[in-house]
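**Q** coords please:
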Amino acid sequence: MTPRSRLLAFLALSLFVLLPLACVEISDSVVAVVQAKQSVEERLVSPGSADFEAAEAVARTADGKYHIVYVAVDSQNKLGALLRSHWLVLVGVSMPERTGQTLHVQELAAEAKRFEVVELAKEVGESWAFPWDAEAGSPVSAGM
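**A** Purely as a prediction, here's the structure:
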């Protein structure tokens, strides 16, 4: 095989492997979760120790422009002890650009409760969809 034919074979194989990866669709929820994790990480005392136990969009507007993301993360405090913290993050999502903008970050005393998610959603004033309306298994507990 000549060097030129090897190069052409390599380019053809690369195109075959990489082209499907370029076509992967990123959902608005994924953009929101990534943005929320970054925003929470910025607020931690030791971001390098962060171990995200949960990060899930728990509510979204009908048009997908706004998401409320619940985040649970274990990270070190100033003394080096691992502590779990819980957060609700409101993220605005722009899908053509696949970008998210953090609009509100709220640290919680414990796991998120449905009423906390609903209260944050009311502040935005849009029409929201909540996962507990349609399916079981939401990371947000029903308790008050």
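**Q** what secondary structure does the spatially closest residue to residue 90 that is not a sequence neighbour sit in?
**A** Spatial nearest neighbour of residue 90, excluding adjacent residues (C-beta to C-beta, 6 or more residues apart in numbering): residue 104 at 4.0 Å. Every residue, glycine included, has its C-beta placed from N, CA and C. Secondary structure, DSSP: H, G, I helix; E, B strand; the rest coil: residue 104 is strand.
**Q** which residues does residue 104 contact?
**A** 88, 89, 90, 120, 123 (C-beta atoms under 8 Å, 6 or more residues apart in numbering).
**Q** Could you list which of these belong to helices?
**A** Taking DSSP state H as the definition of helices, the contacts of residue 104 contribute 120, 123.
**Q** need the contacts of residue 104 in JSON lines with neighbour count and pLDDT, can you?
**A** Converted to JSON lines, these look like this (neighbours: other C-beta atoms under 10 Å; pLDDT from 0 to 100):
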{"residue": "88", "neighbour count": "24", "pLDDT": "97"}
{"residue": "89", "neighbour count": "27", "pLDDT": "98"}
{"residue": "90", "neighbour count": "22", "pLDDT": "97"}
{"residue": "120", "neighbour count": "20", "pLDDT": "92"}
{"residue": "123", "neighbour count": "10", "pLDDT": "88"}
